[in-house]
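> Quick one, structure for this:
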Amino acid sequence: MSTSIKQMKTPSTFETKQNAEKEKNLKGTFISVLLVGGFIVLSWAGVYLLFMNRL
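Sure thing, here's the model as predicted:
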């Protein structure tokens with residue numbers, strides 16, 4: 001399937017606005033994942049320190 005440069009479609013301004021909106025949503029998702037990951041790491045560290053204190 002060979003596509004020449006003439007056949008390629010350039011994105012319209014509507015399509016680029018949709019991509020920009022998707023990027024905003026992904027930034028929020030990334031921040032949420034970091035917060036949940038940080039909570040998990042802190043929980044594990046807390047449990048480990050509690051275990052080490054009780055030895």
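
> Sketch out the low-pLDDT regions of this structure for me.
Applying pLDDT under 70 to the chain flags the ranges 1-11, 13-15, 20-24.

> What segments of it are helices?
Assigned by DSSP state H, the helices in the chain fall at 13-53.

> Against residue 25, how distant is residue 12?
Distance of residue 12 to residue 25, given as CB to CB, to the nearest Å: 20 Å. For the C-beta atoms, the positions are set from N, CA and C on the backbone; glycine is no exception.

> Repeat that for residue 54.
From residue 54 to residue 25 the distance is 44 Å (CB to CB).

> The two: who's more crowded?
The neighbour comparison of residue 54 against residue 25 (other CB atoms under 10 Å) goes to residue 25, with 9 against 6.

> And the more buried one, how close does it get to residue 18?
Where residue 18 is concerned, residue 25 sits at a distance of 11 Å (CB to CB).
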